[in-house]
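S.K.: Predicted model follows, preceded by the sequence.
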Amino acid sequence: MRDILKSFVQSEVSSKFRILLFAAVSMSICACSKSTTSAQTATVTLYASPTGSGSTCSLSSPCSLTGARNQVRTMNASMTGDIEVSLMGGTYTLTSTFELDPKDSGENGNTVIYDAYDGQTPVLSGGQTITGWTQVDTTKNIWQATAPGLQTRQLYINGKRAIRARSTSGIPGTVTQTSTGYTTNATFTFAVPSDLEFVYTGTVNSYTWVEDRCGVSSITTSGGTTTITMNPTCWSQTSNWGVPTYYENANELVASAGQWYLNETTGVISYIPRSGETMSTASVVAPVLEMLMLGNGTTSSPVHDIQISGLTFAYSTWLYPSTNHCFYDAQANQITYSTTSMFPPGGVAFHTGQNLKIQGNSFWHIGSTGLVLDTGAQGNTIQGNLFTDISSSAVRIGDILSPNASSSTQDTWNNVTNNYVYQAGVEYGGAPGMMAGFVSNTTFSYNELEQLPNSGISMGWGWSTSSGTSNYMSGNKIFGNAVHDYMQKLVDGGGIYTLGKVGSSSNHTVIHDNYIYNQTNLYAPLYPDQGSAYLDIYNNVVVAGTLEWLHIWTSSIHDVNVYNNFSDTSKMTNAGTNISLSNNSTAGTPWSSGAESVIGSAGLQSNYTVVKGWLNNSP
């Protein structure tokens, strides 16, 4: 039993998994004490608690989280077995990002493990509790509280995201676009116009796959004409946007249950409670920290051999769109304007991380990307995690700035498996559920993704240019995933979407045995977009309905083999170069036994279905 348990702990480390998934292995496992299980996990165990202090780090005298990390730094150079930092339950309210660097790494072939004390739930929170609510408007039922100095883009009441107060449509009146913004003959006045943010959903010169934002600089009225001047840095590049879909973030717009507004100058928050919310007793949290955990390595000294398991990461914000008054999304939340080129950062991120295991964690209420591994991410595993209520993508692997095969910043041999994504892209609608940039030998398998505004899994970059011969992408695998209820807000995406040359002539990227259904908008569940090349797409089951099941729309898409797939429609487009299609069944239901086998195996494997139940445990 000791060997069985040790093997399990090392591969499926979360205490949640230990308790919920493997109780059937032996009745004695459920009765194990912490000291017994810890002996199988690590040679040395340190303990941390939300109220911990000092440097003893024992069960009876735990350290703080940073104190335990600092103790690891005194031990790991000579470690002969794993070092476990066991986090006791409760909320670790972070006042700054919890940082790890190369000196926090596992050494001598061993691992430093941060995990949950058995049966307990440690929450690493970047949130600030807001109290002192009073009703200020009985007619609209508006309540207010004051939080001096607060800066945030999100507010949560009883674990549910509130809605930034917004209009129901675009600018009122007869609107004319100008070189600096807009004019209208309607009354359009706000006490703090510079707080206003215009939102453009899929309307940018037919760029239907993005949702952009631009801030207002000023609003003036003269002679019956209202002049709206937009933020000049943003507007100079994006003045062809047209009329916004809606505008948000003003006290005058607080009109419906669940809407809120923060005046950052006065610190006053206004909110209309939803049915069942009592503000005197409600838990109200405003995220204030932008990153909860950050691992920073370098190409010569990566952060490595660290395992994060059984933790809950919750309540982060991201202030860049507010402080820069612009969010110009080229695609997949890659921001480009002026000299800026970036993706939303991760609530948890590792830059130049190698041999990391991030398993059995929950990511809640993240104001940017849930988890990011890039800049030389190599040999890492993301497994059995829950991602829910994420403002951008749940997971991003790799970037789009380093495609050279000889570069030590290559992102390769990463594995993303058995994760559950429910509601990503909730604030920045252009985000896919999971995103991979320039990656090689990277696998997305047995994940389930649903309730998404855009594509499910997106891989690649470069459009028809494909970054030329320097693009090292090859050998990637996307298989066994269940992607459903997606493209709910934007247009021009797919369940599995690729862009640019995602494989090589000698080592194709493969997409197989996925089950994709309930796509709301164009184009197709299987969508190799412009420049996609060196792909094998086979043995997938897609329910396309009135859409196409496959969309290959231009000759820049080349060297793609499509075979043995199952669909409910024969609709498709093939305008590519050197495209091979064979033995694809479009008869739909009743599905063949082969299709039923794919459907039955796609998504979370049996040992991981418990992850979906974690949705009931909002922090």
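M.R.: Thanks, I have it.

S.K.: what residue of this structure is the furthest out?
M.R.: G223 (47.3 Å; C-alpha atoms, centre = their mean).

S.K.: The longest strand along the chain - contacts with which helices or strands?
M.R.: Scanning the chain for the strand with the most residues, using DSSP state E, yields strand 211-222. Judged by 3 or more C-beta pairs under 8 Å, 6 or more residues apart in numbering; DSSP states H and E, the packing partners of strand 211-222 are strand 197-201, strand 225-230, helix 232-238, strand 326-327. To be clear about C-beta, it is placed using only N, CA and C from the backbone, and glycine gets the same treatment.

S.K.: Tell me the strands beside that strand, with direction?
M.R.: Strand 211-222 sits in its sheet next to strand 197-201 (antiparallel), strand 225-230 (antiparallel), strand 326-327 (antiparallel), going by DSSP bridges.

S.K.: Just the CA trace of the first one, in CSV.
M.R.: If I follow you right, that is strand 197-201. Once non-C-alpha atoms are left out, strand 197-201 reads as follows in CSV (Å, rounded to 0.1, in the frame of the first residue of the first chain):
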residue,chain,number,x,y,z
GLU,A,197,-15.3,52.8,-21.5
PHE,A,198,-16.8,52.1,-24.9
VAL,A,199,-17.1,48.4,-25.9
TYR,A,200,-17.0,47.2,-29.5
THR,A,201,-18.2,43.7,-29.8
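
S.K.: Make sure I have this right: G67 is in a helix.
M.R.: Yes: under DSSP: H, G, I helix; E, B strand; the rest coil, G67 sits within a helix.

S.K.: quick one, what contacts it?
M.R.: Residues near G67 by C-beta atoms under 8 Å, 6 or more residues apart in numbering: 48, 52-55, 57.

S.K.: What separation do you get for the residue most central in space within the chain and V421?
M.R.: Closest residue to the average C-alpha location of the chain: A394 at 1.9 Å, with C-alpha atoms, centre = their mean. Separation of A394 from V421 (C-beta to C-beta, to the nearest Å) stands at 4 Å.

S.K.: any common contacting residues for these two?
M.R.: With C-beta under 8 Å, 6+ apart, A394 and V421 have common neighbours 387, 433-434, 449.

S.K.: closest to W614 among the residues you listed?
M.R.: Checking the shared contacts of A394 and V421 against W614 by C-beta to C-beta gives F387 as the nearest, at 10.4 Å.

S.K.: How far off centre is whatever helix or strand that closest one lives in?
M.R.: Per DSSP states H and E, F387 falls inside strand 386-390. Centre-to-centre, strand 386-390 and its host chain are 7 Å apart (C-alpha atoms, centre = their mean, to the nearest Å).

S.K.: Quick one: mean pLDDT for the next helix or strand after that strand?
M.R.: The element immediately downstream of strand 386-390 (helix or strand, assigned by DSSP H and E) is strand 395-397. Strand 395-397 comes out with an average pLDDT of 98.

S.K.: rewinding a little: can you select the buried ones from the contacts of G67 in ChimeraX?
M.R.: Selecting only the buried entries of the contacts of G67 in ChimeraX, with 16 or more other C-beta atoms under 10 Å as the criterion:
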select :48,52,57
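
S.K.: among the contacts of G67, which are in strands?
M.R.: A48.

S.K.: Closest one to G370 out of the contacts of G67, please.
M.R.: A48 (23.0 Å).

S.K.: Just give the number of residues close to S407.
M.R.: 16 (other C-beta atoms under 10 Å).

S.K.: Also G159?
M.R.: 15.

S.K.: Same question for L452.
M.R.: Neighbour number of L452 under other C-beta under 10 Å is 32.

S.K.: okay, the closest residue to it other than its chain neighbours: pLDDT?
M.R.: Ranked by C-beta to C-beta, 6 or more residues apart in numbering and with sequence neighbours excluded, the top spatial neighbour of L452 is Y486, at 4.0 Å. Per-residue pLDDT puts Y486 at 98.

S.K.: Could you do the one 10 residues further on as well?
M.R.: Listed pLDDT for I496 reads 98.

S.K.: How much space separates it from K571?
M.R.: Distance from I496 to K571, by C-beta to C-beta: 17 Å.

S.K.: So those two - more neighbours on which side?
M.R.: Each of I496 and K571 has its neighbours counted (other C-beta under 10 Å); I496 has more, 28 against 16.

S.K.: what's the more buried one in contact with, if anything?
M.R.: Applying C-beta under 8 Å, 6+ apart, the residues near I496 are 455-457, 459, 478, 481, 483, 511, 514, 516, 525-527, 540.
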